[in-house]
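K.L.:
Dropping the sequence and predicted coords here.
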Amino acid sequence: MENATNNRPPLRGMGNKVRDLYNTYVRNEEEYDNNEKQHINETATAMNSESAMNMDETTTSESNKRLIDLEKENSDLRDQLLRKSAEMENMRRRLMKEMDDLTMYANQRLLVQILPLIDDLQKALEAAKKSSDFQSLFTGLDMILQKSLKILNDSGVKPIESNLGDPFNVDLHEALAHLPSDMPADHIIQEIQKGYAIHEKVLRYAKVITSAGQTNE
């Protein structure tokens, strides 16, 4: 429309009033075209702006919903972590108590078996006070000793063999002295205190005296 208006031929040879009237028409038509174009542009801009606002509102709504979901998920995970942490702490305390109980009462079974031996020793002492029969006392004490060794054996505890003439073994024996003798050097010539082992572990080393061999005078 703008092209059609601009292409209108100018009026020539007409009166001033007619020419002015024509020019006024042309100007009005150009203003109408400009106003129409501006209205169209404004309408398009408004539509684009409204569409963008709708899109922004939709995006914002979705973002807010996602944020709420993430916060709820984070809260749930935090609660689960706190519960698991509390459970682990309770389990640790139970295990510590069980370990303490095991350490405190580990020898309970063996001690219960040893108590009758104390009863027997007390009875033997009472009998020795009333009688001078040393053979009976000896027999009673030997029975108590054998009973004690059996209890230890049932618990995996056995005496360490340290016989006269056996080679000295640093893994089983503790040498208290090294004396000249007819025995070869580093052989046992006397056991001072018996040693004991539980399974393959030494509970107490056997205390012995070893030979230094024959001395040359």
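P.N.:
Great, that's in hand.
K.L.:
can you pull the contacts of Glu62?
P.N.:
Listed by CB atoms under 8 Å, 6 or more residues apart in numbering, the contact set of Glu62 is empty. In short, each C-beta sits where N, CA and C put it, glycine included.
K.L.:
where's it relative to Asp69, distance?
P.N.:
10 Å (CB to CB, to the nearest Å).
K.L.:
Then Glu71 would be within a helix, right?
P.N.:
Yes: the assignment for Glu71 is a helix, going by DSSP: H, G, I helix; E, B strand; the rest coil.
K.L.:
For this protein, which segments count as helices?
P.N.:
2-6, 16-105, 108-130, 134-154 (DSSP state H).
K.L.:
now what about the third one, what contacts it?
P.N.:
Outside of helix 108-130, the residues that reach it under the criterion CB under 8 Å, 6+ apart are Ser136, Leu137, Gly140, Leu141, Met143, Ile144, Lys147, Ser148, Ile151, Asp154, Ser155.
K.L.:
for the record, mean pLDDT for that helix?
P.N.:
Taken as a whole, helix 108-130 has an average pLDDT of 85.
K.L.:
and that helix, C-alpha only, in CSV?
P.N.:
C-alpha atoms of helix 108-130 as CSV (Å, rounded to 0.1, in the frame of the first residue of the first chain):
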residue,chain,number,x,y,z
GLN,A,108,34.3,-69.2,83.1
ARG,A,109,34.0,-72.8,81.9
LEU,A,110,37.5,-73.7,83.0
LEU,A,111,37.1,-71.9,86.4
VAL,A,112,33.9,-73.9,87.1
GLN,A,113,35.8,-77.1,86.5
ILE,A,114,38.6,-76.0,88.8
LEU,A,115,36.3,-75.2,91.7
PRO,A,116,35.9,-78.9,92.7
LEU,A,117,39.7,-79.2,92.9
ILE,A,118,39.7,-76.5,95.6
ASP,A,119,37.0,-78.4,97.4
ASP,A,120,39.2,-81.6,97.2
LEU,A,121,42.3,-79.7,98.5
GLN,A,122,40.3,-78.3,101.4
LYS,A,123,39.1,-81.8,102.3
ALA,A,124,42.6,-83.2,102.1
LEU,A,125,43.9,-80.6,104.4
GLU,A,126,41.1,-81.3,106.9
ALA,A,127,41.9,-85.0,106.8
ALA,A,128,45.6,-84.3,107.2
LYS,A,129,44.8,-82.4,110.4
LYS,A,130,43.0,-85.4,111.9
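K.L.:
what angle separates that helix from helix 134-154?
P.N.:
Using axes from the mean of the first three to the mean of the last three CA atoms, to 10 degrees, the direction of helix 108-130 lies 180 degrees away from that of helix 134-154.
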